[in-house]
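>>> What would the 3D arrangement of this be:
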Amino acid sequence: MPVRSARSPWTLGIPDSEFFQRRPLKGLITKMEVRVITLAKMGVREDSVVWDIGAGSGAVSVEAARLAVKGKVYSVEKDPASIQNINRNMEKFGVANMEVVPTFAPDGLDALPDPDVVFIGGSGGRLKAILESACARLRADGRLVMNAASLDTLTIAKEVLDRLGWHKEITIVGIARTRELKDILRFESLNPVFVICAHRAEPASRPRTKAAKHGR
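Residues are numbered from 1 along each chain as shown. Presented below is the predicted three-dimensional model:
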């Protein structure tokens, strides 16, 4: 499949159907509307270093990489089938500033450069350890964003962030899309998602160096 040029027709909020993805039920992908809100909360800048933990199909990684044109996105994923889809999506959307990290987080995070933004899309049951590692590594003005589909996951995240003394904002995103049924136009709801955005209460004094920022 040819690589798209920098002048691609895709803008923020790439349709779900454009991504290679695993398809049990409706597919393991952050839905477009939720993805756009998530990216807004992430606040990715052109030189940001981004960790996407539990990257799945890499939809968030791809869109973040298209924003961080002078930065780098690290897609952390343990599932071989998902990693294959991430690589196919990287090629399709022509993002060269994105790297797949094939590991079960928090394993392997120590080898990555300190992030400006951490997004947690999946944790594989290791949420507490991932949050602790991410919060320890985030830069002074860094931001952590996480999507949770269950109250159990939300509760764990809140408990860890409270214990660490981080400020947080939680947004419930409920999306319904129209669906035609014969001559009736009805709405079909997607599963609601809790979008958690957190940052340090008091910025740390860790210096920011160009070498560390880009992992060089």
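
>>> quick one: secondary structure of residue 73?
strand (DSSP: H, G, I helix; E, B strand; the rest coil).

>>> What about it, how many residues nearby?
30 (other Cβ atoms under 10 Å). (Each C-beta comes from the backbone N, C-alpha and C, glycine too.)

>>> if I pick it, what's in contact with it?
If a contact means Cβ atoms under 8 Å, 6 or more residues apart in numbering, then residue 73 has 50, 52, 61, 64-65, 95, 97-99 as its contacts.

>>> Repeat that for residue 33.
13, 173, 175, 190.

>>> what about burial for those, which qualify?
The neighbour count (16 or more other Cβ atoms under 10 Å) marks 173, 175 as buried among the contacts of residue 33.

>>> re the thing from before, out of the contacts of residue 73, give me the one that has the most neighbours.
residue 52 (32 neighbours).

>>> Give me the three-state assignment for residue 38.
Under three-state DSSP, residue 38 comes out as helix.

>>> what about it, distance to residue 173?
In this view, residue 38 and residue 173 are 9 Å apart by Cβ to Cβ, to the nearest Å.

>>> cool, residue 67 as well?
Noted for residue 67: a distance of 20 Å to residue 173, by Cβ to Cβ.

>>> same deal with residue 12?
Distance from residue 12 to residue 173, counting by Cβ to Cβ: 16 Å.

>>> for the chain, what spans make up the helices?
With helices called from DSSP state H, the chain shows them at 32-42, 59-67, 80-93, 127-137, 151-164, 210-214.

>>> mean confidence score for the second one?
Predicted confidence along helix 59-67 averages 98 (mean pLDDT).

>>> Just checking the distance from that helix to the centre of its chain.
Between the centre of helix 59-67 and the centre of its chain there are 8 Å (Cα atoms, centre = their mean, to the nearest Å).

>>> which strands and helices sit next to it?
helix 32-42, strand 49-53, strand 72-77, helix 80-93, strand 98-102, strand 117-120 (3 or more Cβ pairs under 8 Å, 6 or more residues apart in numbering; DSSP states H and E).

>>> Convert the first one to CSV, retaining C-alpha atoms only.
These are the backbone C-alpha positions of helix 32-42, laid out as CSV (Å, rounded to 0.1, in the frame of the first residue of the first chain):
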residue,chain,number,x,y,z
MET,A,32,-13.3,8.8,16.3
GLU,A,33,-15.4,11.1,18.4
VAL,A,34,-13.7,9.9,21.6
ARG,A,35,-10.3,10.0,20.0
VAL,A,36,-10.7,13.7,19.1
ILE,A,37,-11.7,14.6,22.6
THR,A,38,-8.8,12.5,23.9
LEU,A,39,-6.3,14.3,21.7
ALA,A,40,-7.6,17.6,22.8
LYS,A,41,-7.1,16.6,26.4
MET,A,42,-3.6,15.3,25.6
